[in-house]
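*Asks:* got a predicted model here, sequence first, then my questions.
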Amino acid sequence: MKKRLLTGFVSISMVFMMSTMMAFANDTVEGNMTSTEFLEEGNENSEITLDGDVTLSDSLKIDAKDYVIDLNGHTLTFTTDTNLVTNNTNVIFKNGTINLDGIKGNADTILGVGHYGSSANLTLDGVKLQANNYTSPYALIYVYNDSVLNVENNSVLTAKNEKSLSGGVIKSSNGQAGKINITDSTLNFENAARGFVDGTINIKNSTVNMKGLSNGINSSTGGLNLTVDNSKLTITGSIGRALTLDGTTVSFKNNSVIDFSNSLVSDIMFKSQGKIEVDKSSELNFKKVKLDEAVKGTELNDLIISENYEYQLDDKGNVTITQKPGDTQKPGDVEQPGDTEQPGDTEQPGDTEQPGDTEQPGDTEQPGDIEQPGDVEQPGDTEQPGDTEQPGDTEQPGDVENPSDTNNGGITTTPGTENDTTTTDKLPVTGVEKLAYLFVGIVTITVGGLVWFTSESRKLRRK
């Protein structure tokens, strides 16, 4: 009888141990899987933590449900286009790598924030997102309607060698309604169609580099609102323009450094009335400006408003930059309290000006003291015939928003807000903790079994 009891106890313990280990094994998130299998790994708080690298075999679509996806230092690889977060969803990817290399897309986008008729929020928090040799007809990342894209906390977004001719890296489908916030992060775009197209773009404490693009930052009519705050923005070697404005406002402030150079058509282009504002602490470097017919004849100082400089534009698009007089007082130049005139500093009788002290003709300001002709743009800086806009440089049909980029008629959108993002303080369960839970469970079963076994043994003795 005792042997039967002992055998039963051992069997129950083994079943418990095996089921517990299988449960933990099924909770492992790594390897190849479908997007449905991936989302099923979420816990009761819709949190998914990777245990290893994951490759998705189909498009990831997160609809009307918030998720926090902790990459946990691993890589999540997408293999198809049209990966979407939609219908007021707040999705956060953090602490790892997202790989979009080599995707050949045929739809609007590879990664969409919102979609037609809906908006959403997507946050990349401490994420390295890479896309190389990809194809997407309209955008790598498309911000639909009132959606919000946040790139923050030392994230790095790198996009290189785009294969489509009319696409771009980040676009807004609904002008300034789409919000793009780049904070404490780095963006590197190289050999792509466009960097940004439209949207309310806020770049703060960040570095953005664009090299060899067709156009750096584009704007449809009234579609762009760009603010660069304590950041560095460099756009060089554009086939078309570095910055295009069309009735929009751009602001550079708080020690920002902006460099536009070596653009084939122009560094800055105004399609219509727009405005660039540069505060005293910031620096804007450029050489060529092009004005479309709608703004020809407008003074450049009315389009580019700087606290430090004045701008003159010649008929070839070359710019002469002169410093405003008296506007360069340094913080150390302010009068100190000790600099006030003391009583002993009054002029003494012997200090009167003597007849021989009169200003001599040679003391007057010489012509050489004024700004020399060499300080202005030299003839060699003029735009060469080869720099004029070629027929092929004109805006292609792909540069304007396509009908498919706009909201479908009759479909209302639900705005997403920046404050809708989901946060969580709950830490993922580590492997060590899982083993601890397993050990506690086994000990509990063992002790309970021993108590039961002892009790049954006593009953048998009494009989």
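*Replies:* On my side now, so go ahead.

*Asks:* any low-confidence regions in the protein?
*Replies:* Within the chain, the stretches with pLDDT under 70 are 1-27, 326-439, 452, 457-463.

*Asks:* what's next to stretch 40-54, contact-wise?
*Replies:* The contact list for stretch 40-54 (C-beta atoms under 8 Å, 6 or more residues apart in numbering) reads 27-33, 38-39, 65-72, 74-77, 96, 424, 426, 428. C-beta coordinates here come from the backbone N, C-alpha and C atoms, glycine included.

*Asks:* so how do I select the buried members of those in ChimeraX?
*Replies:* Buried members of the contacts of stretch 40-54, defined by 16 or more other C-beta atoms under 10 Å, are picked up in ChimeraX with:
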select :29,33,38,39,66,67,68,69,70,71,72,74,75,76,77,96
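
*Asks:* now, the contacts of stretch 40-54 that are in helices?
*Replies:* Taking DSSP state H as the definition of helices, those contribute Phe38, Leu39.

*Asks:* pretty sure Ile442 belongs to a helix, no?
*Replies:* Yes - when DSSP: H, G, I helix; E, B strand; the rest coil is applied, Ile442 is found to be in a helix.

*Asks:* and stretch 176-188, how far apart are its ends?
*Replies:* End-to-end distance for stretch 176-188: 23 Å, by C-alpha to C-alpha, to the nearest Å.

*Asks:* got the buried residues for it?
*Replies:* Gln176, Ala177, Gly178, Lys179, Ile180, Asn181, Ile182, Thr183, Ser185, Thr186, Leu187, Asn188.

*Asks:* helices along the stretch 101-250 of the chain, start to end?
*Replies:* Taking DSSP state H, counting those that start in this stretch as the criterion, the stretch 101-250 of the chain carries no helices.

*Asks:* from what I can see Ser155 touches Thr123, true?
*Replies:* No - Ser155 is beyond contact range of Thr123, at 9.3 Å (criterion: C-beta atoms under 8 Å).

*Asks:* which one of the buried residues of stretch 176-188 is nearest Val169?
*Replies:* Minimum distance to Val169 across the buried residues of stretch 176-188 is 8.1 Å, recorded for Leu187 (C-beta to C-beta).

*Asks:* tell me who's in contact with that closest one.
*Replies:* Val151, Val156, Leu157, Thr158, Ser206, Thr207, Val208, Asn209.

*Asks:* how about 6 Å then?
*Replies:* Leu157, Val208 (C-beta atoms under 6 Å, 6 or more residues apart in numbering).

*Asks:* returning to that earlier point: and the contacts of stretch 40-54, which of them are in strands?
*Replies:* Gly31, Asn32, Met33, Tyr67, Val68, Ile69, Asp70, Thr75, Leu76, Thr77, Gly96 (DSSP state E).

*Asks:* excluding chain neighbours, what is closest to the second one?
*Replies:* Same thing as Asn32. Leaving aside its chain neighbours, Asn32 sits nearest to Thr55 (4.9 Å; criterion: C-beta to C-beta, 6 or more residues apart in numbering).

*Asks:* assign the one you found to helix, strand or coil.
*Replies:* Thr55 is classified as strand under three-state DSSP.

*Asks:* relative to Thr298, how far out is the closest residue to Ile62 other than its chain neighbours?
*Replies:* Nearest residue to Ile62 in three dimensions, chain neighbours excluded: Val85, at 4.7 Å (C-beta to C-beta, 6+ apart). Between Val85 and Thr298 the computed distance is 42 Å (C-beta to C-beta, to the nearest Å).

*Asks:* run a quick neighbour tally on the nearest residue to Thr183 once chain neighbours are set aside.
*Replies:* Take Thr183 and drop its neighbours on the chain: the residue closest to it by C-beta to C-beta, 6+ apart is Glu152, 4.4 Å away. Neighbour count for Glu152, taken as other C-beta atoms under 10 Å: 19.

*Asks:* report the beta-bridge partners for Glu152.
*Replies:* Asp125, Thr183 (DSSP bridges).

*Asks:* one more: Val148?
*Replies:* Beta-bridge partners of Val148, as defined by DSSP bridges: Asn121, Lys179.

*Asks:* my guess is it contacts Ile180, does it?
*Replies:* No - using C-beta atoms under 6 Å, Val148 is not in contact with Ile180, being 8.0 Å away.

*Asks:* continuing past the helix or strand hosting Thr36, what's the next helix or strand?
*Replies:* In the assignment (DSSP states H and E), Thr36 maps to helix 35-39. Going down the chain from helix 35-39, the next helix or strand is strand 47-49, by DSSP H and E.

*Asks:* sheet partners, orientation included, of that following strand?
*Replies:* Using DSSP bridges, strand 47-49 pairs in its sheet with strand 67-70 (parallel).

*Asks:* neighbours around Leu450, how many?
*Replies:* Using other C-beta under 10 Å, Leu450 is surrounded by 11 other residues.

*Asks:* make sure I have this right: it is in a helix.
*Replies:* Yes - judged by three-state DSSP, Leu450 forms part of a helix.

*Asks:* what's near enough to touch it?
*Replies:* Leu450 touches nothing, counting by C-beta under 6 Å, 6+ apart.

*Asks:* what do you get for Ser155?
*Replies:* The contact partners of Ser155, by C-beta under 6 Å, 6+ apart, come to Leu124, Val127, Ser185.

*Asks:* reformat those as JSON lines; add distance to Val113.
*Replies:* As requested, the contacts of Ser155 are exported to JSON lines (distance: C-beta to C-beta, whole Å):
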{"residue": "Leu124", "distance to Val113": "11"}
{"residue": "Val127", "distance to Val113": "14"}
{"residue": "Ser185", "distance to Val113": "16"}
